[in-house]
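**Student:** Here is my input; please provide its structure:
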Amino acid sequence: MSRLNIEGRKVNCFASLFVILCFTVGFFSCLTVKPCYATGKLAVAVIFSSNNEAYAQAWNGFHSYFDEHNVSLVVTTYTIEDQGPEVICSDIRARNPVLVFTIGTRASKLAKEQIKDIPVIFCMVFDPHEFVGTNSTGVSMGIPVETRLEGIRRVLPRARKIAVIYSAETAEIYREVEQKGSQVGLTVIGRRIDSQREFPGALKEMAHSMDCFLMVPDSQLYSPVSVKNLLLESLREGFPVVGLSSHYTKAGALFSFDCDYGDLGRQAAEFASRIARGERPAAIPPSSPRKIRLSINRVAADRLGTTLSSEIVREASEVFGK
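**Tutor:** Residues are numbered from 1 along each chain as shown. Below you'll find the model as predicted:
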């Protein structure tokens, strides 16, 4: 066979491979670029854990982001309190939206367990790693440990011993608090318990050895009953409580760091926009709140004999008991 024929066959072979490659790239591009987003519309299924004002704020932030970017959302909403999980998941599969937006822990758990083939953006959860998967990413409402410890040092400059009650669910968080507390000159005293029944006894044992009590996001330990016990014991024994959100501050905690719920929704919307344009959820790391607010309770401060600096009061976004 002549050299010319061999070279000609090589050229034809490479040309064929090039055509196949172009077709393959074009085919998969059609799969990843969402046509409904390209036309200015985005089909979204929204699952609420409950009818909660904070969840409504997160949804408003999500929606407003797309309004500002001239994208029309085609929305179907569900609430776990009002509709059964099976009905919700069945309807979502039938509608096959571009993505699912979950608000709150219960909604995010449902999507994690039941929705595997549609991208999921979660929001308003404390531990994002519990919900991350190949088809999911999102935004945590958990305030970084460093922020909370620095807040203790600023609001309570004389505090040196911080008490934490935790369970197996939050053992890792406790270790982080202990480690980072030691780095800033705080001694962290911990008690691990396995149920809410042990909470009152553990708290009484620690009451006289702490300067303040730091709550950690632990659904195994904190309920309306255990929180009431904590706040009443705080007043009886004279130790301040650092809460998880303004809800706890209003109930009697001295102060809490909170996130801007509307901005959490906007963060989630930014992720949704990237996914709608073709990015894989697994390639987008979950994020923490970027806007953090301080709430303080002046009535609790007075009852505890704690003086709050004027600077701290000015910084607070919410002040209860003015």
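**Student:** Tell me where the stretch 51-200 of the chain has helices.
**Tutor:** Assigned by DSSP state H, counting those that start in this stretch, the stretch 51-200 of the chain shows helices spanning 53-68, 85-95, 105-114, 145-155, 171-183, 199-206.
**Student:** and those helices, which is most packed in?
**Tutor:** Burial of the helices of the stretch 51-200 of the chain is given as mean neighbour count (mean count of other Cβ atoms under 10 Å); helix 105-114 ranks first at a mean of 20. In short, each C-beta sits where N, CA and C put it, glycine included.
**Student:** outside of it, which residues touch it?
**Tutor:** Helix 105-114 is contacted from outside by 47-50, 80, 85, 88-89, 100, 102, 120, 122-126, 130-131, 133, 136, 138, 219, using Cβ atoms under 8 Å, 6 or more residues apart in numbering.
**Student:** still on that earlier bit, looking at the helices of the stretch 51-200 of the chain, which is closest to residue 291?
**Tutor:** Proximity to residue 291 (Cβ to Cβ) singles out helix 53-68 among the helices of the stretch 51-200 of the chain, at 10.4 Å.
**Student:** Okay, angle between the closest one and helix 105-114 too, please.
**Tutor:** 70 degrees (axes from the mean of the first three to the mean of the last three Cα atoms, to 10 degrees).
**Student:** Could you list the low-pLDDT ranges of this structure?
**Tutor:** 1-39, 322 (pLDDT under 70).
**Student:** Would you enumerate the residues in contact with the residue most central in space within it?
**Tutor:** The centroid of the chain falls nearest to residue 140 when counting by Cα atoms, centre = their mean (1.8 Å). Taking Cβ under 8 Å, 6+ apart, we find residue 140 in contact with 125, 126, 127, 128, 286, 287, 288, 289.
**Student:** Would you check that the fifth one makes contact with residue 141?
**Tutor:** No - under the criterion of Cβ atoms under 8 Å, residue 286 makes no contact with residue 141, lying 11.3 Å away.
**Student:** So which of these two has more stuff around it?
**Tutor:** Counted by other Cβ atoms under 10 Å, residue 286 and residue 141 do not tie: residue 141 has more neighbours, with 24 against 20.
**Student:** the inter-axis angle of the helix or strand containing residue 267 versus helix 53-68?
**Tutor:** For residue 267, the host element (DSSP states H and E) is helix 261-276. Interaxial angle, helix 261-276 versus helix 53-68 (the same axes, to 10 degrees): 50 degrees.
**Student:** which element follows helix 261-276 toward the C-terminus?
**Tutor:** strand 292-297.
**Student:** Quick one: work out the angle between that following strand and helix 145-155.
**Tutor:** Relative orientation of strand 292-297 and helix 145-155, computed by the same axes, to 10 degrees: 40 degrees.
**Student:** gap between strand 292-297 and the chain center?
**Tutor:** Computed by Cα atoms, centre = their mean, to the nearest Å, the chain-centroid distance of strand 292-297 equals 18 Å.
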